[in-house]
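**Student:** Next come a sequence and a model predicted from it.
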Amino acid sequence: MPAVLPPAIIVVTGASGFVGAWICKAFLEAGYTVRGTVRSKAKGDYLQQLFKSHGTKFIPVIVEDISKVLRITILSGSTMTDLLQLDAFDKVVDHEVHAVIHVAGVIHDSPSETSEVFGPNTDSVTGLTNSILKNGKNVKRLIYMSSAQALLGGKPLSHIYTEDDWNDEAVATVQEDGHEADPLAMYAASKVHAERALIAFANEHEDISWDITRILPAFCKSFEDLNTTTKIFVQYLTTPQDDDVLRNYCSEFTDVRDVADAFVAALQIEEAGGERFIIDAGAFTYQNLYDAFHSLAPNEKAVPFGDPAKGKFKFRGPFCNSSKAQRLLKLKSFRGLAECAYDTFQSLKERKLLPQEANIQSRL
């Protein structure tokens with residue numbers, strides 16, 4: 001499908017979330033008009049104030065529940081059938097919209113049912129594609145934000161993940177353990193199911209006039225918010241670790257500003273249609289993280305020093321290979337670990353949101 005260029009009207013779901021707000025900002029600065037879905041008037045008012053320099057180009061639309069379901073139960077003899085009509089996005093997608101950026105989703109730290117994660121993360125995809133089919137006659141591209149967690153499985157550290165990988169281990173874990181599964185596994189499995197639902201949809205609707213692109217960022221770090229992934233990152237950064245784990249793999253990372261740039265590029269480049277892209281700046285150990293941070297703030301004692309004299313663990317290559325995205329989307333080099341860690345720490349310190357000043361859980 002052709003690229004969608006400004007001043008086109010686009011929809012960004014989850015606009016008031018951490019990544020969603022940055023993606024809205026990037027599209028507004030590129031000249032688009034953005035309809036951003038939010039869950040309350042207060043969140044919409046906040047974003048209108050945040051983006052006031054763009055005048056009327058940001059339009060908040062309240063969608064209280066992105067997995068909104070109208071459930072109709074049909075009884076036929078002894079058989080009961082549930083028909084699901086997912087219509088949460090019907091009022092935001094219309095003939096004026098030329099592209100949809102689906103960012104909305106959740107990471108739930110203690111779900112009582114799998115539906116609390118799979119509803120927002122998986123059912124919402126079905127609802128959105130239905131709304132585009134019904135109402136989005138001028139839509140040319142849907143860009144879905146999945147996650148690197150949808151491909152990161154239990155492979156050796158020497159394995160280099162590519163767009164061909166899938167986290168089927170997480171899917172199996174959730175199938176076996178249900179809502180008692182690890183929250184991160186549940187999140188990963190929901191993203192796997194959502195991506196595969198989009199693939200199935202595209203295969204079943206080959207005659208549609210729009211294509212689907214999937215972007216898989218690593219856990220996003222940024223300097224403007226304390227969302228779940230930032231909390232996790234700050235815990236990695238500020239919690240002292242035992243010597244025997246300093247060189248252990250900790251996480252992969254990417255800066256939210258680089259993720260936002262990738263979404264804009266994926267809409268403006270025709271060849272991005274139908275593709276799956278990893279956006280991942282690299283992986284790190286605890287010691288890697290400490291050293292990177294202290295390269296910019298050598299005297300900051302709130303971040304552990306670990307044991308800088310010890311030999312460093314070096315990954316054989318990129319933990320997740322983002323070369324396809326950098327090539328096709330013409331992306332500049334991603335921000336490094338030092339800049340990402342330092343910017344995040346400094347902003348949270350200025351706003352008194354570091355662990356000693358806020359109740360940040362040690363894990364999901």
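**Tutor:** That came in fine, so what should we check first?
**Student:** Can you pull out the low-pLDDT segments for this structure?
**Tutor:** The chain contains residues with pLDDT under 70 at 65-86, 108-112, 220-230, 311, 316-317, 355-364.
**Student:** So which residues of it form strands?
**Tutor:** 9-13, 33-38, 58-62, 69-76, 79-86, 97-102, 141-145, 211-217, 220-221, 249-255, 276-279, 282-285 (DSSP state E).
**Student:** Which among those is found nearest to residue 341?
**Tutor:** strand 220-221 (7.4 Å; Cβ to Cβ). Any C-beta I mention is one placed from the backbone N, CA and C, and that applies to glycine too.
**Student:** ok, residue 332 - how many residues close by?
**Tutor:** Residues lying near residue 332 (other Cβ atoms under 10 Å) number 8.
**Student:** hmm, back to that, redo the strands of the chain as TSV? Include distance to residue 44.
**Tutor:** Converted to TSV, those look like this (distance: least, Cβ to Cβ, whole Å):
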stretch	distance to residue 44
strand 9-13	13
strand 33-38	5
strand 58-62	3
strand 69-76	23
strand 79-86	22
strand 97-102	17
strand 141-145	20
strand 211-217	25
strand 220-221	22
strand 249-255	26
strand 276-279	27
strand 282-285	36
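**Student:** Between the ones you listed, which one is closest to residue 154.
**Tutor:** Across the strands of the chain, closest to residue 154 is strand 249-255 (Cβ to Cβ), at 11.7 Å.
**Student:** where's the closest one relative to the chain centroid, distance-wise?
**Tutor:** Computed by Cα atoms, centre = their mean, to the nearest Å, the chain-centroid distance of strand 249-255 equals 14 Å.
**Student:** possible to save the strands of the chain as CSV with mean neighbour count and distance to residue 326?
**Tutor:** Below are those laid out as CSV (neighbours: other Cβ atoms under 10 Å; distance: least, Cβ to Cβ, whole Å):
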stretch, mean neighbour count, distance to residue 326
strand 9-13, 26, 23
strand 33-38, 25, 25
strand 58-62, 18, 29
strand 69-76, 10, 39
strand 79-86, 11, 35
strand 97-102, 26, 20
strand 141-145, 25, 17
strand 211-217, 24, 13
strand 220-221, 26, 17
strand 249-255, 22, 12
strand 276-279, 25, 9
strand 282-285, 21, 13
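**Student:** Could I get the contacting residues of the closest residue to residue 332 other than its chain neighbours?
**Tutor:** Nearest residue to residue 332, sequence neighbours excluded (Cβ to Cβ, 6 or more residues apart in numbering): residue 261, at 7.7 Å. By Cβ atoms under 8 Å, 6 or more residues apart in numbering, the residues touching residue 261 are 26, 331, 332.
**Student:** so what's the first one up against?
**Tutor:** Meaning residue 26. With the criterion set at Cβ under 8 Å, 6+ apart, residue 26 makes contact with 260, 261, 263, 264.
**Student:** And it, how far from residue 260?
**Tutor:** With distances taken as Cβ to Cβ, to the nearest Å, residue 26 is found 4 Å from residue 260.
**Student:** got a list of what the residue lying closest to residue 241 once chain neighbours are set aside touches?
**Tutor:** The shortest distance from residue 241 to any non-neighbouring residue, by Cβ to Cβ, 6+ apart, is to residue 286 (4.8 Å). Residues near residue 286 by Cβ under 8 Å, 6+ apart: 236, 241, 245, 246, 247, 248, 250, 306.
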